[in-house]
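[1] Here's a sequence, model it:
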Amino acid sequence: MATIEKLTREGGPVYKAVVRKQGHGKQTKTFKTRSAAERWGHQLEAQIEQENAGLTHEAQRHTLAQTIDRYRAEILPSKRPSTAAKYEQHLSYWKEQLGHLRLSELSAAKIDACRDALTSTPIPPKSADPDKTAPPQYRRPATVNRHLATLASVLTAAVKRWHWLQTNPMQQVHKLTEANGGTRFLSEDELQRLIEACRESTSPDLLLAVLLSITTGARQGEILNLRWKDIDLQTRMIHVQAEAETTTKGGIRSLPITAQVLPLLQARRETRKQAKVAPLHDTGLVFPSRVSDKQPIDLRKPWTTALERAGIEQFRWHDLRHSAASFLAKGGASLVEIGAVLGHKTPTTTKRYAHLAEQHTHALVHSMADRILGGAK
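    Here you go, the predicted model:
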């Protein structure tokens with residue numbers, strides 16, 4: 001039975017509950033009232049009795065912090081370094097906010113509260129001496145949803161891999177609406193200006209990386225994390241390993257190397273061969289950093305400079321992926337074909353390009369009518 005000790009302090013008496021059970025050590029907690037201390041002691045003893053009798057569900061045995069630690073140890077190392085770094089930020093947030101909870105205590109309502117806090121709390125300034133006159137910056141819905149997706153991945157592992165949970169509370173958590181109205185497509189004229197600006201860049205990596213992005217529709221992370229073992233110059237194919245936990249999960253998709261990109265890759269391979277850095281069949285990066293050849297190059301500054309030179313505004317690297325899809329649609333590709341190139345898991349993701357495909361389809365109808373009906377009225 002729990003022992004209750006009365007302690008005298010400056011603010012008044014407090015009551016410390018002490019529970020001793022073989023195999024569990026000594027556990028204590030202090031309360032302002034004796035009744036609260038006794039209640040906690042009884043609950044803890046009952047919980048220990050259940051555990052000893054084998055009646056405690058796995059969700060009661062493990063905290064979210066323990067689950068996150070196991071995820072970090074077993075699953076996170078399998079992800080690309082750039083992806084793992086983002087996951088690590090999200091995992092740290094969830095561990096700090098909810099890590100103390102047992103999985104049985106984790107509810108959709110508690111996750112909702114954290115989601116709302118992420119949305120309404122200003123982002124801490126990066127500078128040690130921030131501009132106090134600048135308006136506060138808040139996380140975008142997409143950023144908040146990425147936090148939720150990381151937690152969902154952890155809890156999915158708890159359900160399917162380790163069987164610590166029976167159901168995933170994330171299934172009842174509402175994700176924020178991400179506005180697709182900001183999707184940006186390059187015009188052909190803008191594309192030519194951008195390519196010219198990349199040619200003039202001081203970065204030896206920018207032009208090839210941009211051309212690969214626009215001709216394959218691959219993500220920036222997929223391009224910058226390419227390794228020589230992923231590239232077959234004989235068959236002119238690039239093999240991209242899809243992320244296991246993303247919406248485009250599963251397998252490897254193959255992307256063609258176009259005639260405009262092939263000579264640049266061949267020249268880069270020849271330069272690497274002459275430098276005798278490592279065998280061409282190894283896992284070396286195609287775009288290694290100057291700081292460490294184990295991490296990809298950071299192209300943010302040369303990319304921004306190229307956009308300024310090209311006179312292109314409100315355009316992100318990821319929009320190269322959207323632009324690739326738009327050029328495919330205008331060239332006559334169906335939504336199914338576009339989805340296959342981009343690696344979409346479901347047709348729903350590709351629907352944002354439906355209006356572009358429809359424009360091409362309408363043009364085909366008019367062309368057919370003109371050909372078979374001529375000037376008939």
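
[2] how about the strands of the stretch 201-350 of the chain, start to end?
    Secondary structure of the stretch 201-350 of the chain (DSSP state E, counting those that start in this stretch): strands at 231-232, 237-241, 252-256.

[3] Low-confidence bits of the stretch 1-150 of the chain, can you list those?
    By pLDDT under 70, the low-scoring segments of the stretch 1-150 of the chain are 1, 22-25, 50-56, 126-133.

[4] Could you list the residues in contact with stretch 158-166?
    Applying C-beta atoms under 8 Å, 6 or more residues apart in numbering, the contact partners of stretch 158-166 are His57, Glu58, Ala59, Arg61, His62, Thr67, Arg70, Glu74, Leu103, Leu155, Thr167, Asn168. The C-beta positions use only the backbone N, C-alpha and C, and glycine is treated the same way.

[5] would a markdown table of those residues with secondary structure, neighbour count and distance to Gly221 be doable?
    Formatted as a markdown table, these follow (DSSP: H, G, I helix; E, B strand; the rest coil; neighbours: other C-beta atoms under 10 Å; distance: C-beta to C-beta, whole Å):
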| residue | secondary structure | neighbour count | distance to Gly221 |
| --- | --- | --- | --- |
| His57 | coil | 14 | 38 |
| Glu58 | helix | 14 | 34 |
| Ala59 | helix | 19 | 34 |
| Arg61 | helix | 13 | 36 |
| His62 | coil | 18 | 31 |
| Thr67 | helix | 25 | 26 |
| Arg70 | helix | 18 | 25 |
| Glu74 | helix | 12 | 22 |
| Leu103 | helix | 22 | 31 |
| Leu155 | helix | 24 | 24 |
| Thr167 | coil | 10 | 32 |
| Asn168 | coil | 19 | 26 |
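
[6] any idea how far Glu190 lies from Ala306?
    Distance, Glu190 to Ala306, by C-beta to C-beta, to the nearest Å: 12 Å.

[7] quick one, which of the two is more surrounded?
    Neighbour count, other C-beta atoms under 10 Å: between Glu190 and Ala306, Ala306 has more, with 24 against 17.

[8] State the number of residues packed around the closest residue to the more buried one other than its chain neighbours.
    Of all residues not flanking Ala306 in the chain, Ala197 sits nearest, at 4.1 Å (C-beta to C-beta, 6 or more residues apart in numbering). Ala197 has 22 neighbours, counted by other C-beta under 10 Å.

[9] need the contact list for Ala197.
    Here Ala197 is in contact with Thr305, Ala306, Leu307, Arg309, Ala310 (criterion: C-beta under 8 Å, 6+ apart).

[10] try 7 Å
    The contact partners of Ala197, taken as C-beta atoms under 7 Å, 6 or more residues apart in numbering, are Ala306, Arg309, Ala310.

[11] Hmm, Thr119 is touching Val144, no?
    Yes. Between Thr119 and Val144 there is a contact at 5.6 Å, judged by C-beta atoms under 7 Å.

[12] between these two, what contacts are shared?
    When contacts are counted by C-beta under 7 Å, 6+ apart, Thr119 and Val144 are jointly contacted by Leu176.

[13] Among the two, which residue is more densely surrounded?
    The neighbour comparison of Thr119 against Val144 (other C-beta under 10 Å) goes to Val144, with 20 against 14.

[14] Pull out the buried positions in the helix or strand that contains the more buried one.
    Assigned by DSSP states H and E, Val144 belongs to helix 141-160. Within helix 141-160, the residues that qualify as buried are 143-145, 147-159, counting by 16 or more other C-beta atoms under 10 Å.

[15] tell me which residues in the next helix or strand after that helix are buried?
    Where DSSP H and E defines the elements, the next helix or strand beyond helix 141-160 is helix 188-199. Residues of helix 188-199 classed as buried by neighbour count (16+ other C-beta under 10 Å): Glu190, Leu191, Arg193, Leu194, Ile195, Ala197, Cys198.

[16] nearest to Thr271, of these?
    Using C-beta to C-beta, Cys198 comes nearest to Thr271 of the buried residues of helix 188-199, at 18.3 Å.

[17] Could you spell out which stretches of this protein belong to which domain?
    3-56, 64-123+137-178, 185-321 (automatic domain parsing).

[18] Let's verify the nearest residue to Thr3 once chain neighbours are set aside: helix, strand, or coil?
    The shortest distance from Thr3 to any non-neighbouring residue, by C-beta to C-beta, 6+ apart, is to Val18 (4.4 Å). Secondary structure state of Val18, per DSSP: H, G, I helix; E, B strand; the rest coil, is strand.

[19] dump the residue contacts of Val18.
    Ala2, Thr3, Glu5, Lys26, Thr28.

[20] what's the most distant pair in those residues?
    Glu5 and Lys26 (12.3 Å).

[21] For these two, indicate the residue with more neighbours.
    Counted by other C-beta under 10 Å, Glu5 and Lys26 do not tie: Glu5 has more neighbours, with 12 against 8.

[22] Find the nearest non-adjacent residue to the more buried one, please.
    Leaving aside its sequence neighbours, Glu5 sits nearest to Lys16 (C-beta to C-beta, 6+ apart; 4.6 Å).

[23] Contact partners for that neighbour?
    Glu5, Leu7, Thr28, Thr30, Ala37 are the contacts of Lys16 under C-beta under 7 Å, 6+ apart.

[24] In terms of helices and strands, where is the first one?
    What that stands for is Glu5. strand 3-9.

[25] Three-state assignment for Thr28, please.
    Per three-state DSSP, Thr28 ends up strand.

[26] Which strand residues bridge it?
    With DSSP bridges as the criterion, Thr28 is bridged to Val18.

[27] Number of residues surrounding it?
    When neighbours are counted by other C-beta under 10 Å, Thr28 registers 15.
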